[in-house]
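# give me coordinates for this.
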Amino acid sequence: MAESPALSPQIVRGLQDRLYDKRKGAALEVEKLIKECSANTTNKDAERIHGILSTLVQEFAYSVNANARNGGLIALAAAAIALGPDVPAYLDDIVPPVLACFGDQDSKVRYYACESMYNIGKVAKGEILRYFNEVFDAMSKLAADAEKSVMSGAELLDRLIKDIVAEQATTYVSILSLGMSGSIIEDDSTTPVSMPRTTAFSLERLIPLLSERIKVKNPFTRTFLVSWITVLDSIPDLELVSFLPHFLDGLLDFLSDKNKLEVRHATSAVLANFLLQIREAVEVREQQKTQAIKNYYMEQQRRMMAASESSNDVGEITKDGDLLEEGLLTKALSDGNEINWDAISIIESEGKGKGSWVPGQGVVINYTRIVEILMPHLSSQEEEIQETALRWINEFILLAKDVIVPAIEANQNLYKLIVETPTASLPAFSTVKESVSLGSQSIDINKNASDPFDYQVTVDTLMLQLMNDHQETRVASLEWLSMLHKKAPKKILAIDDGTFPTLVKTLSDSSEEVVKCDLQLLAQISSNSEDEYFRRFMVSLLNLFCTDRGLLESRGSLIIRQLCLSLNSERIYRSFAEILEKEEDLDFASTMVQNLNIILITSPELSDLRKRLKSLETKDGQMLFTIIYKSWSHNPVATFSLCLLAQAYEHAANLLQSFAELDITVNILIQIDKLVQLLESPVFTYLRLQLLEPEKYPHLFKCLYGVLMLLPQSSAFATLRNRLNSVNAMGFLHLVPKSNSTSDMKPRVIKTAINLKDEGIKWQDLLVDFRAVQAKHEKTRKQSLQSIGRANGTTKGSRRVRDRDRPQQPNNVNQSGKLAQSVTGDRTGVMAAGSGGGGFTQGVHGVASTGNAEFKGRRMSNSDGSKPSRALSPPKRLPIKK
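Model prediction:
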């Protein structure tokens, strides 16, 4: 390399050296040299500075030697620092070679280019915005650089440029007043009114470059672009939202980035902010339009007043002017085809100075172009893109009704159109031709009943959508069906048109929202139909529960409670009771009654029904109790709970005596355990308070002590015993007077007598029915066990042979050989064997614990219905307070 006359040989050798320290020392010498020249203001010194910069550019920055390029970059940065405030005049010499090195093949050169540009920007500040597009393009490429050191250097430079743009983009004007070069958006209609036109930074020049770079796929470049869009959007006077159509398409594609979650989150945030700004712009535009209308008519009023000569005319005009403001909008709308109020509002906002910044003021939104961009994204495979496009279009339907495409507008208005469309006067299906025969003539009753809307075809289409994979689609279909049924209840969704089975099957949907909408529709149809539809609905619902026990367990309570909200709860429970009373599947009937009873006791939606059941002194209350009681007889614990709920304590006590004849299974003990827990709930507050009046309710004590005797010594046993002991400890059983002298006791005694002796409720007949139903259950249970025994006969025979070979264990096997009980620690297992020698194993302790109780040492019945001879492990007795 030939030695340059502008630089000394030592500086030249130092800038080319391989060591960084020597290159840095040479750069400091260049800095001193530039400072000496800049101290003088003569033309000769200015030419010398240009000569030094030219040498650094041509012989170092553009050199083929990588070390020379590095030295040249450091020297150019040192020269910029030395120039200080005078640097704007020399930036055309300094910046281009540094920008060229951003694409160098050597990663160290790219890093020093970032470092050099950083130092130049620190000195030049606002003047660097003249080269913003070039710097922006270079940084967007370095953001995805493979070398981490280069990415770090580019990040530092990026932060500096962002700070300069945020502070000076809308205010800094170059001192050189140089014309801007590059492509500029020609469509001035999208330029915001508040956009400055003479600043060093030009958003109009940047938008074409941003539109090009927004199509990249690299996640790091996307992150860089989203961050810059966020910064530019945060600068008030730039109004980036006005240029949104130029890069919205590519920005929406960022939501599908699978490599970096940060990109999707940042894109969602910036899109939400753009939508908010569009709303603000519409609100400001409407305010300006209203003000323009007022100003226009007030100006017309002033002209009329000035032209009037008589005082009477002036008085009349003034009087009319008081009411003018109220009618401005009405008159403006009527004259809307003659005056463009939007244009007037824009003209009035121009030429008055920027003043204080108002969000949305001066923003021009190209709604049509934005909607055209959003439409293809509605069919995107990416759910987030599709959701965003739908949200924007839905927002635009309200904000810019006149620019939404006809299909969207028609879809939005279809719901309202159908509601407002009159239906034919004759109730008939559009697909069915009904005729009435009158003598030899046949009269078509649909002849004059033409409907402008084909309900049945629409219903068929909506019914198909109930099988759609998306929950939102199924919910929307049910909402449309509900609206159509309200519109024409006699024309669609009848009991015999094939839609009923599909609606019932939809109750098994995995979505809770879909189930609720379906229940609302079925309840709506039932309330507007005859009793036959409601009856069939109840039967179909019970059949669905019978075939799908999982649905009964998971959604049974939700379905019944929602129905009780929409329909009359008493009507629902009456229908269920009448159907279950004749149910042949006794096991399902018992399970269903158990679930209905829990809902009846615990659900707030059934509080009115619980009050009705307590009114046994009325005929309606007696009939309701009798109907429910007969079906509740399928489950003994539910029947007993019903009696407690209705305060029929004497009958409940008699009912407990029948429990001695039943086979007390683990399931029954679990239900009693749950009942004890329910007795401690707010629903039975009245019952607990009645314990304080033993003379009024003597049979209540007998009922609760009977339950206590049925329970094994478990947590439920301790809970109920503590409750009863707390009453006994207060001495109520001994201190309450025997006489009924107080006036408030007499009505209740009379009421109790009516409950037990009135001919409205035949208590003895109910008890007989209860025992008959339980006898059927016992017979079915035995038949089931016998069938299991016959099916496993071979296995049982081999098991009996093995049992004979074993040594006798008199402490663990009873005399009949049917019950074996083993104890390990505190756990007790019970094995009940059938008469055929086989049997099944039932872990009482484990099963009972699921009902929040531990049953230990409880005498259980054998599988064949016989009683075990003895319990070998006696229960641990809890201490009783004396």
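# and the longest helix seen in the chain, average pLDDT?
Criterion DSSP state H: the longest helix present in the chain is helix 261-307. Across helix 261-307, pLDDT averages out at 82.
# buried sites along stretch 379-389?
380, 382, 385-386, 388-389 (16 or more other CB atoms under 10 Å). Heads up, the C-betas are built off the backbone N, CA and C, glycines and all.
# of those residues, which is the nearest to Q594?
Q386 (45.6 Å; CB to CB).
# so how far is L462 from the closest residue to the closest one other than its chain neighbours?
Nearest non-adjacent residue to Q386, counting by CB to CB, 6 or more residues apart in numbering: S380, 4.9 Å away. Counting by CB to CB, to the nearest Å, the gap from S380 to L462 is 25 Å.
# got it, and L586?
Relative to L462, and taking CB to CB, L586 is found at 40 Å.
# hang on, V364 packs against F243?
No - assessed by CB atoms under 8 Å, V364 is found out of contact with F243, at 9.6 Å.
# okay, those two: which has more neighbours?
Higher neighbour count among V364 and F243: F243, with 24 against 18, using other CB atoms under 10 Å.
# so what does the more buried one have for phi and psi?
The phi/psi pair for F243 (degrees, to the nearest 10) reads phi -100, psi 10.
# ok, and the closest non-adjacent residue to it?
I207 (4.9 Å).
# check which helix or strand covers that neighbour.
I207 is part of helix 203-213 when elements are defined by DSSP states H and E.
# same thing with R23?
Here R23 is assigned to helix 20-39, by DSSP H and E.
# for the helix or strand following that helix, packing partners?
Proceeding N to C from helix 20-39, the next assigned helix or strand is helix 43-56, under DSSP H and E. Other elements packing on helix 43-56 under the criterion 3 or more CB pairs under 8 Å, 6 or more residues apart in numbering; DSSP states H and E are helix 20-39, helix 66-83, helix 91-101.
# now mean neighbour count and mean pLDDT too, for these, in JSON lines please.
Output for the helices and strands packed on helix 43-56, formatted as JSON lines (neighbours: other CB atoms under 10 Å; pLDDT from 0 to 100):
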{"stretch": "helix 20-39", "mean neighbour count": "18", "mean pLDDT": "87"}
{"stretch": "helix 66-83", "mean neighbour count": "25", "mean pLDDT": "90"}
{"stretch": "helix 91-101", "mean neighbour count": "19", "mean pLDDT": "91"}
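# export the ones you listed to JSON lines and tack on distance to W228?
Output for these, formatted as JSON lines (distance: least, CB to CB, whole Å):
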{"stretch": "helix 20-39", "distance to W228": "31"}
{"stretch": "helix 66-83", "distance to W228": "24"}
{"stretch": "helix 91-101", "distance to W228": "18"}
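# V263 is nearest to which of those helices?
The nearest among these, by CB to CB, is helix 91-101 at 26.8 Å.
# just the CA atoms of the closest one, as CSV, please.
This file holds the C-alpha atoms of helix 91-101, laid out as CSV (Å, rounded to 0.1, in the frame of the first residue of the first chain):
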residue,chain,number,x,y,z
LEU,A,91,-21.1,12.7,7.3
ASP,A,92,-21.4,12.0,3.6
ASP,A,93,-17.7,11.0,3.6
ILE,A,94,-17.9,9.0,6.9
VAL,A,95,-21.2,7.1,6.9
PRO,A,96,-21.3,5.3,3.5
PRO,A,97,-18.0,3.3,3.9
VAL,A,98,-19.1,2.3,7.4
LEU,A,99,-22.5,1.1,6.0
ALA,A,100,-20.6,-0.9,3.3
CYS,A,101,-18.7,-2.8,6.0
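# just want the angle from it to helix 43-56.
10 degrees (axes from the mean of the first three to the mean of the last three CA atoms, to 10 degrees).
# I'd like to know which elements helix 91-101 is packed against.
Against helix 91-101 (3+ CB pairs under 8 Å, 6+ apart) you get helix 43-56, helix 66-83, helix 107-124, helix 132-142.
# at 7 Å what do you get?
Here helix 91-101 touches helix 43-56, helix 66-83, helix 107-124, going by 3 or more CB pairs under 7 Å, 6 or more residues apart in numbering; DSSP states H and E.
# buried residues of stretch 121-138, list them for me.
121, 123-138.
# need the contact partners of it.
80-81, 84, 87-88, 91, 95, 99, 102, 117, 120, 160-161, 164-165, 168-169, 172, 174, 178, 182, 200-201, 205-206, 209 (CB atoms under 7 Å, 6 or more residues apart in numbering).
# which residues touch the helix holding R23?
11, 14-15, 17, 45, 48-49, 52, 70-71, 74-75, 78-79, 81-83, 86.
# looking at it, S566 is touching A523, isn't it?
Yes - using CB atoms under 7 Å, S566 is in contact with A523, at 3.4 Å.
# list the residues that contact K630.
581, 769.
# so it: helix, strand or coil?
helix (DSSP: H, G, I helix; E, B strand; the rest coil).
# what confidence value was assigned to it?
In this model, K630 is scored at 89, pLDDT.
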